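> requesting a structural model of the entry that follows:
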Amino acid sequence: MNLSLLGKQVWRLLTRTDSLVAKVYKSRYYPTCSLFEATIGSNPYFLWRGMMEALSAIKDDCYRSIGNGEGTLTGDPWLPLSDNPYVTTELHEFITTALVSSLFAMHEAKWDVDCVRDVFNARDADAIHNIPVSQRQPLDKWVWVGDPKGAYTVKSFYRKLVGEFPEDNPWHLIWNL
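This is a model prediction of the structure:
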């Protein structure tokens with residue numbers, strides 16, 4: 001149960017990056033990388049150790065839902081594939097730190113098919129082309145697989161930890177929330 005409650009704090013660091021708490025943790029524990037790349041570091045606060053444990057469990061079950069592509073890097077988990085939501089194509093660091101919106105056609109709300117096919121392998125390109133570009137959802141957002149609405153809940157994370165996580169959860173339907 002404690003890990004589930006710590007997971008809620010991790011979820012807030014992930015989804016509310018402009019909060020004071022998120023800024024303090026970022027400056028102290030992961031100033032030059034993303035939360036997913038953060039390490040425990042030297043002489044960490046006790047709470048941070050617990051949050052890192054929760055993060056390792058959360059990491060596999062949250063994904064970015066693409067809206068305008070302005071808030072997601074191509075290196076983030078954003079492909080609608082249950083086996084691995086990360087891009088598998090070997091990419092230069094310049095491309096992995098590029099925004100997903102750079103893959104859209106200029107001045108249009110659709111994928112630049114030629115660009116995507118040139119840069120990514122067939123698996124990734126097919127997955128990208130299957131992501132609908134949403135006009136209703138202007139911003140990218142994090143979604144949690146354990147909840148039908150895509151929102152992290154302590155209850156759903158606890159169920160995952162104790163082995164009651166629903167395997168038949170149609171998480172790919174969450175992308176259009």
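
> separation between the residue lying closest to Trp11 once chain neighbours are set aside and Trp48?
Residue nearest to Trp11 in three dimensions, not counting chain neighbours: Tyr152, with 4.1 Å by Cβ to Cβ, 6 or more residues apart in numbering. Quick note: C-beta positions are derived from backbone N, CA and C, even for glycine. Using Cβ to Cβ, to the nearest Å, Tyr152 is found at 19 Å from Trp48.

> tell me which of the two has more neighbours.
Using other Cβ atoms under 10 Å, the more surrounded residue of Tyr152 and Trp48 is Tyr152, with 24 against 18.

> check which helix or strand covers the more buried one.
Counting by DSSP states H and E, there is no helix or strand that carries Tyr152.

> what does the one 4 residues further on give?
Under DSSP H and E, the secondary-structure element containing Ser156 is helix 154-161.

> neighbouring contacts of that helix?
For helix 154-161, the external contacting residues (Cβ atoms under 8 Å, 6 or more residues apart in numbering) are 1, 3-5, 7-8, 54, 57-58, 61, 144, 146-147, 165-166.

> tally of neighbours for Arg159?
Other residues near Arg159 come to 16 when the count uses other Cβ under 10 Å.
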